[in-house]
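>>> fold the following, please.
(one chain, ligands or ions: 2)
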Amino acid sequence: MPIIAPSPSRQRDPPETSRTGTLAVTDGEIHFLWWFIQGSIMTPETRAALLRGFGFCERHAWVHLSVEMSFRKQHFLGPVILYRELIEKSVQATKGRRQLAFQSPLRQLKAAGPCFLCTLDIKPAATGATPPARLARGRDSNGLRLFATNLTTLWRPTVCAICSGNTCETRGSPRCRPHLLADLTEREPIDLSWHQDTLNELSVRLARYERSFVAGADKPSEQERAALISAVGWCSGWRPLLALLGRSTWQ
Ligand SMILES: [Zn+2]
Ligand SMILES: [Zn+2]
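Ligands and ions are numbered 1, 2, ... in the order given. As a prediction, this is how the structure comes out:
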């Protein structure tokens, strides 16, 4: 039973749990993700499921990053590897195709499986199993808020026009992957130039970010850290993060 249904639709309202300015992370999500970030994200089966699902649904993508931030500060090794792979997959899917026609098949950009977290019935499993201090820490999204706020000027140009509720948006303006796929149901051809340029840049930056985890390597630059935010937004959608930050912060 899904906790929150994936929401790649064109609706302009953020998901229910994001309207309050928090991600409203549940006890079950904290319980599961605390174990998940200890290493299971790196197991072949889990990574294969995450790659098939194109990461997580919109809500769980940001919940995952927030819980990682709560417990690991900015040591985003697992997320950086995951999103570097997903962005590389997207680069390959759009390569050599500057324009897409109505209902063009773009299978490689579609999730071939459900959100990994939505498929788990994690709420009952968490009952009484997690210390209150860990729950309080996992619920706190201030780490993600601060991380994203400090890099706003670097990721803002990549925010999806539909996710941000930009009423002046045009078809050439930025889109997340779910809204790009939604555009393909309309009759106008779609110019992929912005996506190709952005994905190429994110791919390079995330590869550098991943190399920064090697002992003795330089710390990641601000551009490389902002690329993680842009990659999560592109793969899954932006609305939970934008609602968490508040319009005055990111606009
Ligand atoms: Zn989900
Ligand atoms: Zn979007």
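>>> how about the contacts made by Ala217?
When contacts are counted by Cβ atoms under 8 Å, 6 or more residues apart in numbering, Ala217 touches Arg211. Just so you know, the C-beta spots here come from the backbone N, C-alpha and C atoms, and that holds for glycine as well.
>>> tell me the SS of the closest residue to Thr158 other than its chain neighbours?
Using Cβ to Cβ, 6 or more residues apart in numbering and skipping residues adjacent in sequence, the residue nearest Thr158 is Ser230, 4.2 Å away. Secondary structure, DSSP: H, G, I helix; E, B strand; the rest coil: Ser230 is helix.
>>> from what I can see Ser230 touches Thr198, true?
Yes. Here Ser230 lies in contact with Thr198, judged by Cβ atoms under 8 Å, at a distance of 7.4 Å.
>>> now do the shared contacts for these two.
Counting by Cβ under 8 Å, 6+ apart, the residues touching both Ser230 and Thr198 are Thr158.
>>> one step back: can you pull the contacts of the residue nearest to Thr158?
By Cβ under 8 Å, 6+ apart, the contact set of Ser230 is 155, 158, 198, 202.
>>> neighbour-wise, which of those leads?
Leu202 (27 neighbours; other Cβ atoms under 10 Å).
>>> ok, back up a step: measure the residue nearest to Thr158 to ligand 1 for me?
20 Å (Cβ to the ion, to the nearest Å).
>>> with Ala226 instead?
In this view, Ala226 and ligand 1 are 24 Å apart by Cβ to the ion.
>>> what comes up buried for the strand or helix carrying that residue?
Element membership for Ala226, per DSSP states H and E: helix 222-236. Residues 223-236 are the ones in helix 222-236 that count as buried (16 or more other Cβ atoms under 10 Å).
>>> just stretch 198-208 next, same as before
Of the residues in stretch 198-208, 198-199, 202-206, 208 count as buried by neighbour count, 16+ other Cβ under 10 Å.
>>> could you do stretch 242-251 as well?
Buried residues in stretch 242-251, counted by 16+ other Cβ under 10 Å: 242-245, 250.
>>> and stretch 180-191, what's its mean pLDDT?
Here stretch 180-191 scores 80 as its mean pLDDT.
>>> show me the shaky parts of the chain.
1-21, 99-105, 123-128, 167-172, 187-188 (pLDDT under 70).
>>> show me where it has helices.
27-36, 44-52, 58-72, 77-94, 122-126, 132-139, 142-150, 152-155, 177-183, 193-211, 222-236, 239-245, 247-250 (DSSP state H).
>>> quick check: closest non-adjacent residue to Leu154.
Counting by Cβ to Cβ, 6+ apart, Leu154 lies nearest to Ala226, which is 3.5 Å off, once chain neighbours are set aside.
>>> touching, the one you found and Asn150? I think so.
No. Counting by Cβ under 8 Å, Ala226 stays clear of Asn150, with 9.1 Å between them.
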